[in-house]
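Visitor: what would the 3D arrangement of this be:
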Amino acid sequence: HSLENRYFHKHDQELIEQLRAHDQEEAGIQKLAEATGIHDHDALKDLLDAGIRADSIISLSLVPLIFVARADKTLDDKEQDAILDAAIDAGLQPDSPSHDLLTSWLVNEPDPELLEAWRHYINALCHELPKEQIANLQQHLLARCTTVAEAAGGFLGRGGISDAERQMLGHIESAFVLND
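Guide: Prediction:
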C-alpha cells in the first residue's frame, strides 16, 4: 500500500510542477505582451522559448545586428563595437538583463531559432502598428544593420558588405510585412 501511495504522491508532485511551469510560462507571456504591445500568443511563446523576457526585451532589437555581424561566420572587433554602440543608442544599461543577454550573444553564436523568433515578433508587430511606424522601424533597423555589416570593411578591410551579410540583410528586411 505504501509503495502505491508513494507512486501517486510522486505523480501528483509531477503534475503540480507541470502546472507551475505552465503558470510561469503564461505569466511570462503576459508580461511580454505588456512590454511589447503585441498579442500574438505564438510569437510571444517563441520569444519566451528563445530566452527573451519582459526585462530583456530591449535586447530583441539587437538580434538582427548580431546575425548580420555573424553572417560571414566571424565577429570582427569593429562589428562588435558597432553593436555595442547600437545597444547604447537603444538605451541598454550595462548592468541589465538585456546587456547580459547581448553579451552572451557576442561571446557565443546564438541559436538560429532566435532569429526566427525575432522574425515572428516583427511579423506580429506589423499587424499591430500603423504602416508608417513599421516603415520607420524597418528603415532604422536596416540602417543599423548596414552600419554593422560595413564596420568590418569586407575582405581585407576593403569591399564593404560580404555576400553572406547582404543575404542576411535581405532575410531581415523580408520579416517586415507592410500592409496597405
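Visitor: where do the helices of the protein begin and end?
Guide: Using DSSP state H, the helices of the chain run over 2-36, 41-49, 63-69, 77-89, 97-107, 112-126, 131-151, 163-173.
Visitor: tell me which of those sits nearest to residue 55.
Guide: The stretch from the helices of the chain with the least distance to residue 55 (Cβ to Cβ) is helix 97-107; that distance is 4.6 Å. For the C-beta atoms, the positions are set from N, CA and C on the backbone; glycine is no exception.
Visitor: of the helices of the chain, which stretch is the most buried?
Guide: Stretch with highest mean neighbour count among the helices of the chain: helix 63-69 (a mean of 25; mean count of other Cβ atoms under 10 Å).
Visitor: dump it to PDB, restricted to CA.
Guide: Provided in PDB are the C-alpha atoms of helix 63-69 (Å, rounded to 0.1, in the frame of the first residue of the first chain):
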ATOM      1  CA  VAL A  63      19.100  40.400 -32.600                       C
ATOM      2  CA  PRO A  64      19.300  41.300 -36.300                       C
ATOM      3  CA  LEU A  65      22.600  43.100 -35.800                       C
ATOM      4  CA  ILE A  66      24.100  40.000 -34.100                       C
ATOM      5  CA  PHE A  67      23.000  37.800 -37.100                       C
ATOM      6  CA  VAL A  68      24.300  40.300 -39.700                       C
ATOM      7  CA  ALA A  69      27.700  40.500 -37.900                       C
END
